[in-house]
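Trainee: Just the structure for this:
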Amino acid sequence: MGKFSLYNIPLRNLADGLHKFEYVLDDQYFKAIGDADSDIRRGKVNVDVTVKSVSSTFEFSFTLNGEVHVPCDRCLDDILIETNSTNRLVVKFGHEYSEESDEIVIIPEEEGEINIAWFLYEFVMLSLPMKHVHAPGKCNKMMSSKLNKHKAVAADADSDDSLDVDDTDFDDSVEEESNEATDPRWDTLKGLIEE
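Mentor: Numbering: from 1, shown residues only. I've put the predicted structure just below:
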């Protein structure tokens with residue numbers, strides 16, 4: 001992690017008390033830390049780090065504010081997403097590196113420092129919504145038309161009932177088909193379902 005030495009925090013040299021660090025995660029950072037499959041293409045995120053040191057335990061508090069560009073799940077064009085999050089990490093000295101939980105990390109005492117570059121990337125990724133989609137009507141028109149052209153159509157559907165990608169939320173919920181015949185044993189239970 002030589003190219004991320006800026007994100008090394010020398011814990012062994014920290015006196016007891018509060019210590020503050022500031023970072024800016026920019027396009028160069030996201031290009032260097034991400035891989036070909038990374039969702040984040042570029043961005044600018046301001047990071048405030050507060051480290052509370054008590055003997056050999058260090059409590060990190062992270063505040064991240066900014067915006068990143070990720071590909072739209074529908075049209076693959078960039079979409080700007082704001083990221084705001086607060087995160088916590090507890091670092092302790094031990095014999096070897098280990099991640100005890102999502103919030104507790106053990107680092108070798110002889111090393112005496114931690115590199116937080118990857119933790120910052122994970123915090124940004126975890127703050128993003130699951131679905132990255134443009135607002136209705138904002139997707140790339142050419143890609144939307146290609147998607148409409150290649151979408152699956154039921155055999156009994158009319159060709160005029162084409163799906164307009166920009167007006168659909170692409171909800172993953174399962175729709176009930178009311179045209180199918182049901183087992184009469186279940187008909188009495190239908191009255192129990194609250195609508």
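Trainee: what about the biggest helix by length in the chain, average pLDDT?
Mentor: Among the segments of the chain that qualify as a helix by DSSP state H, the longest is helix 117-127. Mean pLDDT, computed over helix 117-127, is 93.
Trainee: Check which element follows it along the chain.
Mentor: helix 141-149 (DSSP states H and E).
Trainee: what about the helix or strand following that following helix, average pLDDT?
Mentor: Sequence-wise, the next helix or strand downstream of helix 141-149 (DSSP H and E) is helix 184-190. Mean pLDDT, computed over helix 184-190, is 76.
Trainee: Lowest mean pLDDT among the helices and strands of the chain, which one is it?
Mentor: Between all helices and strands in the chain, the lowest mean by mean pLDDT, DSSP states H and E belongs to helix 184-190, at a mean of 76.
Trainee: chain center to that helix, what's the gap?
Mentor: 43 Å (C-alpha atoms, centre = their mean, to the nearest Å).
Trainee: contacting residues around the longest helix of the chain?
Mentor: Residues outside helix 117-127 that contact it (C-beta atoms under 8 Å, 6 or more residues apart in numbering) are 1, 4, 6-7, 23, 25, 29-30, 33-34, 39-40, 43, 45, 47, 62, 64, 68, 83-85, 87, 89. In this view, the C-beta of every residue, glycine as well, is placed from N, C-alpha and C.
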